[in-house]
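Undergrad: coords below, sequence missing:
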């Protein structure tokens, strides 16, 4: 059967087969398990492929290296723990989102995530992946909370949104890396309460 111009253009727009969600989920699950079992540095792409049932060629087609796979696995976990609650209150949204993030940091995955943050200080490629794929995605979620709060008149429109996001969520990362203070629900509530005193309208 002849192929029309529309079909031809669609075929050209799809180089290769679309990513299999089932295979992708298996790779991310295997990556999460291996990071907990052997650690980030010791984990290899070969082990990810063997455990997930995906080929190394398939993994490298989707991700440039094992750190990129790890970052996407972490992002998937964070989306489960710390989704956008959208309660109608910026204070409550920040509180619940930070509680979820802190639960992730305080768990077994948080310790491995700290290793990834450390790795990014010495490997520019890992740093770019971490900033663009994970940090950028998380900041978009938090920026949505901020924008809703400003639109409702809860938050000061004069405050720098990027600085405000750092003020609310930065302390959790500091506590993860420095280990100087608890990472729990009470900590999340206290951080948001203090930040909101300066950010609320």
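TA: Great, that's in hand. Treat the numbers as computed from the prediction; the structure is a model and nothing was measured.

Undergrad: Would you map the helices across the chain?
TA: Along the chain, counting by DSSP state H, helices occupy 5-12, 21-38, 45-52, 56-62, 66-81, 90-106, 108-120, 124-129, 136-151, 161-178, 185-199.

Undergrad: Mean neighbour count for these - can I get that in CSV?
TA: For every residue, glycine as well, the C-beta is placed using N, CA and C. As requested, these are exported to CSV (neighbours: other CB atoms under 10 Å):
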stretch, mean neighbour count
helix 5-12, 9
helix 21-38, 17
helix 45-52, 18
helix 56-62, 15
helix 66-81, 20
helix 90-106, 21
helix 108-120, 17
helix 124-129, 16
helix 136-151, 16
helix 161-178, 16
helix 185-199, 17
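
Undergrad: Now these in TSV, please, with extra columns for mean pLDDT.
TA: As requested, the helices of the chain are exported to TSV (pLDDT from 0 to 100):
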stretch	mean pLDDT
helix 5-12	39
helix 21-38	96
helix 45-52	98
helix 56-62	94
helix 66-81	95
helix 90-106	97
helix 108-120	94
helix 124-129	94
helix 136-151	96
helix 161-178	96
helix 185-199	97
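
Undergrad: Find the centremost residue of this structure, please.
TA: residue 75 (3.2 Å; CA atoms, centre = their mean).

Undergrad: For that one, which residues are in contact?
TA: By CB atoms under 8 Å, 6 or more residues apart in numbering, the contact list for residue 75 reads 133, 134, 137, 138.

Undergrad: Going by distance to residue 174, which of the residues you listed wins?
TA: Minimum distance to residue 174 across the contacts of residue 75 is 15.7 Å, recorded for residue 138 (CB to CB).

Undergrad: Quick check: closest non-adjacent residue to that closest one.
TA: The shortest distance from residue 138 to any non-neighbouring residue, by CB to CB, 6 or more residues apart in numbering, is to residue 78 (6.6 Å).

Undergrad: do you know how far the one you found is from residue 46?
TA: To residue 46, residue 78 is 26 Å away according to CB to CB, to the nearest Å.

Undergrad: and what of residue 85?
TA: In terms of CB to CB, residue 85 sits 40 Å off from residue 46.

Undergrad: ditto for residue 25
TA: Going from residue 25 to residue 46 by CB to CB gives 20 Å.

Undergrad: Likewise for residue 60?
TA: Using CB to CB, residue 60 is found at 11 Å from residue 46.
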